[in-house]
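K.L.:
quick one, structure for this:
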Amino acid sequence: MTNTMTNTMTNTMIHKFEAAGLGKAPYRLTSVKVEPEEKRTVDAQGYTWITKGGGTCAYCGTGIMVLCNLESADGQAFSVGSDCVMSAGDSGLKAVVGRAVSKRRAEMAVKRAAAKVASAESLLADDAVRAKLASLPHPKGFKNRETGDALSLLDWAEWMMVHAGSSGRVKVAKAIKLAA
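P.N.:
Predicted coordinates:
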């Protein structure tokens, strides 16, 4: 299957989305939604249902998790999946969507890391968790330079939360969660 269709009457190329009735080309990306938020609904019996957002591709009808919201030249707004954008043969739109999806995924990764670090900080404030961490050995087996006493997992976690970068603090969050 070719990326675009040829109009045999005028011998011009028609965009796949235009041929599917999604408005006139060219198309403009208005937003990208990656990994949509969870939706919580309570039914009549009181059960809570958790579903992922997402949607349906206006071009192929498939369920999608990466929604590319587009607007056609004649003002029609619709959502398609990133896979359909990538296979539509529109190199300009493909480049714009690729950058937007990468940027959005990076933003979501930063957000997830910040949530993990915040969770670790709240665990470090709990006296019971601190006692548990203090009873466990330092992951590298380090000792105090002055006294020669073995350092604990708590010493490591506190040092890392102050001095480490984002990935180091996420590593601490994982270790604290496992230990607690």
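
K.L.:
which residues does the closest residue to L136 other than its chain neighbours contact?
P.N.:
Nearest-residue entry for L136: L153, 4.0 Å, with adjacent residues in sequence omitted and distances by CB to CB, 6 or more residues apart in numbering. C-beta coordinates here come from the backbone N, C-alpha and C atoms, glycine included. Residues in contact with L153 (CB atoms under 8 Å, 6 or more residues apart in numbering) are L133, A134, L136, P137, H138, P139, A175, A179.

K.L.:
tell me the buried residues within the residues you listed.
P.N.:
Among these, those classed as buried by 16 or more other CB atoms under 10 Å are L133, H138, A175.

K.L.:
return the set of buried residues in stretch 170-180.
P.N.:
V170, K171, V172, A173, A175, I176.

K.L.:
tell me what the lengthiest helix in the chain is packed against?
P.N.:
In the chain, assigned by DSSP state H, the helix with the most residues is helix 91-124. Where contact means 3 or more CB pairs under 8 Å, 6 or more residues apart in numbering; DSSP states H and E, helix 91-124 is packed against strand 27-34, strand 66-72, helix 82-87, helix 127-134, helix 153-163, helix 166-179.

K.L.:
just these: most buried one?
P.N.:
Compared across the helices and strands packed on helix 91-124, strand 66-72 shows the largest average neighbour count, a mean of 21 (mean count of other CB atoms under 10 Å).

K.L.:
how is the protein divided into domains?
P.N.:
What automatic domain parsing lists as the domains of the chain is 5-106, 126-179.

K.L.:
just give me how far the last one sits from the chain centre.
P.N.:
Computed by CA atoms, centre = their mean, to the nearest Å, the separation of domain 126-179 from the middle of its chain amounts to 29 Å.

K.L.:
any buried residues in the host helix or strand of V80, and which?
P.N.:
Assessed by DSSP states H and E, V80 sits inside strand 77-81. Buried residues in strand 77-81, counted by 16+ other CB under 10 Å: F78, S79, V80, G81.

K.L.:
and for the first one, nearest residue in space, chain neighbours not counted?
P.N.:
Spelled out, that is F78. A58 (4.1 Å).

K.L.:
try the last one
P.N.:
Spatially, and ignoring its direct neighbours in sequence, G81 is nearest to I64 (3.7 Å; CB to CB, 6+ apart).
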